[in-house]
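>>> give me a model of this one.
(chains A and B)
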Amino acid sequence: MIESIILWLLAILLAPFFSAIMFKVKAFFGGRKGSPLLINYYTLIKLFKKGSVYSTSTTAVFKLGPIISFTSAITVLMFLPIAGHHPIFSFNGDVIFILYLMGLGRFFTIAAAMDTASPFEGMGAAREAYFPIICEAAMFMILIFFYRLTGHLQLSAYFTGDNTIALWNLGGAPLLFIVISFFIILLTENSRVPVDDPATHLELTMIHEVMVLDHSGPDLGLIELGSFCKLFFYSTIVSRLILPFDFKISAMGYFVFVLGLIIVYVAIGLTESVIARYRMDKVPQFVLTSFALAFFATIITLEFI
Amino acid sequence: MSQFFMSILIIVFGGFLSLILARQFKLMKMVAVFSLSAGCFWGLFDAVTKLMQSGSDAASFKYLNVFSLAFQIDGLSAFFLVVIFAVCLVAVIYSFHYMDHSGEAVRTAVHYFFFSILIASMALVVTAANMITFMLSWEIMSLSSFFLVIYNYESSENRKAGYLYFVFSHVGAMFIFAAFGIVYGYTGSFGFGAMDSIPETAKIVVFIFSFIGFGSKAGVFPFHVWLPHAHPAAPSHISAVMSGVMIKIGIYGIVKMYTLLNFHTPLFGNIVLVAGVVSGILGVVYALGQHDLKRLLAYHSVENIGIILIGLGIGMIGVSSGNPLMAVLGFSGGFLHVLNHSIFKSVLFMGAGMVLHKTGTRTIDALGGLLKKMKITGATFIIGSLAICGLPPFNGFVSEFFIYIGGFKGIGLENSAFVMSIFAIISLAVIGGLALACFTKVVGVVFQGEPRTKAAVNVDEKGSTMLASMLILAGACIFIGIFPGAFIQMSIKAVSALGLGYGHVPLEPFGQMTANITFAAMVFLVSLLVVIAIRWFYYRGKTITKSGTWGCGFTQPTAKMQYTGSSYAASILEFFSPAAPLDEDHPKIKGRFPEKTYYKSHVNDIAELNMKGVIVNPVLFIFDKLRWIQHGDIHLYIGYILLAIVLLLFFI
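A predicted model of the protein is given here:
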């Protein structure tokens, strides 16, 4: 339990660091030196030191937005097995709770954006409401796949100890589909290229970044930290799936886990460097791919297992 | 049973009193609201006691020495009685300040009269123990609600809505009559008890007929066409009762028939589940395309009926494939969603009623920024929205959680049950996402941002009974969301009354699930408090400035530039355009200095679109050909009657 809580705290504290790896990779491909690896901490410290400017159009919902999205991000991490360790909390059906909790975070992010009366933020909000619908369907398809293999409905049954190895033994090749499908969901849910380009210069083409335009100071800090945590959540799962090994020596376990994380973040950076973002109306097709992959994986297991 | 009849009597008596006192507006309202709510409270108290003691109670009367009127309260009826009385109680209280046109005293009195009849007849439908009693109460329910729909009969739109509702409820009743007729043909008795003795093929026909009949009342796609017209037409608390309670009586009918037929074929489960999936997804897609706030909420009723049917379908599949856990999870999730939906949909309709009352418009794109002036209405509406999206820690999540778990139990099964479970789970996920999109649209456009037209500028919220009812219901949404234990127990009591042959359903595993939900909600709320504390800590002594919204470099933004509800929903609707064709109308913009222009859009409901071509026109054509029978000569009409009797004498 104590170990789980320490891991949870470490996850929140280290999430900004891993995101910086992604920026480094992008800088490398852009032929730049890039910002230092601790850049996100500098930004967060700067933001938490500042005061805030609130738009006269906004209400209390605008302030609730960052609070609830951040709370849902860190609560979700409490249910996540980190490096194969037991999570702080776990119960049958916790995956559904987690997915819906993220929905709650999204509701308030969108509501906070709509609160500003800005047409740009409304546009971003509409997209933020649209794409995750398909993601959610794909997530539940993956859950169906996992349930079919294990008969459980909790994250700890998939990702703790040697459960992940057992998953590979049971699932075999179709699990590769799941990894790719999950990676696509990761890109979509965390607004990365090719779905969304957080680094673009034009508000009109952003999704997530434009929704937080009016937030400032500690509020913006909470949003940023929350989105690092969210990315960490998805990356942990992918990392565990690609390197499912369970070691008796815990140091070895942590090393492999961090290695997996670095691979995932580098992969995201690579994707961002080599692919341009899709046109908005092409995005749903891209996201639907993840659903199709998970669906086929399930059908294959139906036949052979 | 006497307690139950006493409460019904008080309610009906209150309705009659309001007619007598119609000239004293204030007094009439007070008497009506007091006696209706007293009756509802008594009935609610009685139903909860009966449900908790899982007692069964029956009474019967001879009427005209020919028909016997029989009533029975078992777990299932008691559960629905709780829903009926609880929501009607709050709706009656809400009506006190909502019905404030003293110039329309007589009309208000008539409205209270029909309202009392509606409550009483709904309660009688769910306690009816034979076909005669059932149909009698059913027809009274349909008729009394018809008069409530045409409350504002001056508007031709409302008259049309009332007419549509009248036709649909009677075609639906015809199907129920047909189903009962088939049963009577086999058993020769009006009692419900003998229904499981009829042959299996007949059972299938009876179930399909009654599914169509009850489904048209419940608003199952494609029999829902009346619903988005009729619900917005009625006064808002009546919309809340119709959407929250009356359409659930249709659900009760479906479950009751399933129980009485006692035939556990996978077919029933599959029919119910597929109907649920279609209603669920299309309901929310059409809701997303609406411009009228109350119509949007009405379409969400179609969606939620879909979710309830998915739950029931999972339950039925669980029964037919011999998986008790899945069966109980599906049924109890569905029943709990009946209760939950009645609560959050009432909050939403009451909130919409307040908005309509104060701004005079239901057009979503004409509103904006209401949250600043209408704090309680806005806050309760947001709570209702979160609940209807099924988000934790609100009540909608609990019932959807149970249905999900039930669906996942079906993943372990084979063949059709497996496919159906995948279907159910994925569509629940999609419905959840779409509902979130739809309610962020409503909350964002109606309550947030800046007022788009003058109607939304100078508003306030007054009417203590209206605010109190919304607060009570919003509180219930949160309470059930965090402490669902007792409510799940209630719905499991209702499941035990279904007679699935499991005897006493063990509460242990479900108690564990509700404890988990409570625990998870607590974890979230504690983290929320910690985060609020952290935020407070970092904002201590900081300068907070107020300024305009960042216009991305544009310095002259106006309220007109805000994103509208139509544009918000446009891209999602485009994805679903085969099922929801969009009509757009706007002139081309010409020249360097274009003239003032407009944009109109309308999302077509394919059921409504095809109803005319597939059903209405052929029926009209046939009846047109039979017009010669109706010649207006009374002697010939008497001749018809004689001829019919003589012919019948040959056959019987």
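
>>> the stretch 201-305 of chain A against chain B: which residues are in contact?
For the stretch 201-305 of chain A, the residues found near chain B under the criterion CB under 8 Å from any CB of the partner chain are A:203, A:213-214, A:217-219, A:221-222, A:280-281, A:284, A:298, A:302. C-beta: built from backbone N, CA, C; applies to glycine.

>>> now do the strands in the chain.
Chain wasn't specified; assuming chain A. Using DSSP state E, the strands of chain A run over A:52-55.

>>> that's the wrong chain, I meant chain B
Along chain B, the stretches classed as strands by DSSP E are B:57-63, B:67-73, B:544-547, B:582-585, B:600-603.

>>> of those strands, which stretch is the most buried?
Each of those was scored by mean neighbour count; the highest is strand B:67-73, a mean of 19, by mean count of other CB atoms under 10 Å in any protein chain shown.

>>> where in the stretch 151-300 of chain B is pLDDT low?
The stretch 151-300 of chain B contains no residues with pLDDT under 70.

>>> the closest residue to chain A within it and A:Gly93: what is the separation?
Residue of the stretch 151-300 of chain B nearest chain A, by CB to the nearest CB: B:Leu288 (9.7 Å). Distance of B:Leu288 to A:Gly93, computed by CB to CB, to the nearest Å: 28 Å.

>>> domains for chain B, by residue range?
Chain B breaks down by automatic domain parsing into domains covering B:265-500, B:606-651.

>>> would you list these in JSON lines and tack on mean neighbour count and distance to A:Pro132?
Listed next are the domains of chain B as JSON lines, based on neighbours: other CB atoms under 10 Å in any protein chain shown; distance: least, CB to CB, whole Å:
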{"stretch": "domain B:265-500", "mean neighbour count": "24", "distance to A:Pro132": "6"}
{"stretch": "domain B:606-651", "mean neighbour count": "10", "distance to A:Pro132": "26"}
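
>>> show me the contacts for the nearest residue to B:Asp460 once chain neighbours are set aside.
Leaving out its chain neighbours, the residue that sits closest to B:Asp460 by CB to CB, 6 or more residues apart in numbering or on different chains is B:Lys373, at 5.9 Å. By CB atoms under 8 Å, 6 or more residues apart in numbering or on different chains, the contact list for B:Lys373 reads B:459-461.

>>> JSON lines for the residues you listed, including pLDDT?
Output for the contacts of B:Lys373, formatted as JSON lines (pLDDT from 0 to 100):
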{"residue": "B:Val459", "pLDDT": "87"}
{"residue": "B:Asp460", "pLDDT": "88"}
{"residue": "B:Glu461", "pLDDT": "87"}
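
>>> could you dump the domains of chain B to CSV with distance to A:Gly65?
Below are the domains of chain B laid out as CSV (distance: least, CB to CB, whole Å):
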stretch, distance to A:Gly65
domain B:265-500, 11
domain B:606-651, 37
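
>>> which residues of chain B score low on pLDDT?
Under the criterion pLDDT under 70, the flagged ranges of chain B are B:501-505.

>>> contacting residues for the residue positioned nearest the centre of it?
For chain B, the residue nearest the mean C-alpha position is B:Ser243 (3.3 Å; CA atoms, centre = their mean). By CB under 8 Å, 6+ apart, B:Ser243 lies in contact with B:231, B:297-298, B:301, B:345-346, B:349.

>>> just checking, B:Pro235 touches B:Gly353?
Yes. Counting by CB atoms under 8 Å, B:Gly353 is a contact partner of B:Pro235 at 7.4 Å.

>>> what do these two both touch?
B:Tyr98.

>>> in the stretch 151-300 of chain A, which residue sits closest to chain B?
A:Pro218 (4.1 Å).

>>> quick one: pLDDT of that residue?
On the pLDDT scale, A:Pro218 is placed at 95.

>>> ok, now which ones touch the closest residue to B:Glu461 other than its chain neighbours?
Closest residue in space to B:Glu461, ignoring its immediate chain neighbours: B:Met374 at 4.4 Å, by CB to CB, 6+ apart. Contact partners of B:Met374, counting by CB under 8 Å, 6+ apart, are B:354-355, B:358, B:447, B:459-461.

>>> number of residues surrounding B:Asp196?
14 (other CB atoms under 10 Å in any protein chain shown).

>>> so how far is stretch B:305-323 off the chain centroid?
How far stretch B:305-323 lies from its chain's middle: 19 Å, per CA atoms, centre = their mean, to the nearest Å.
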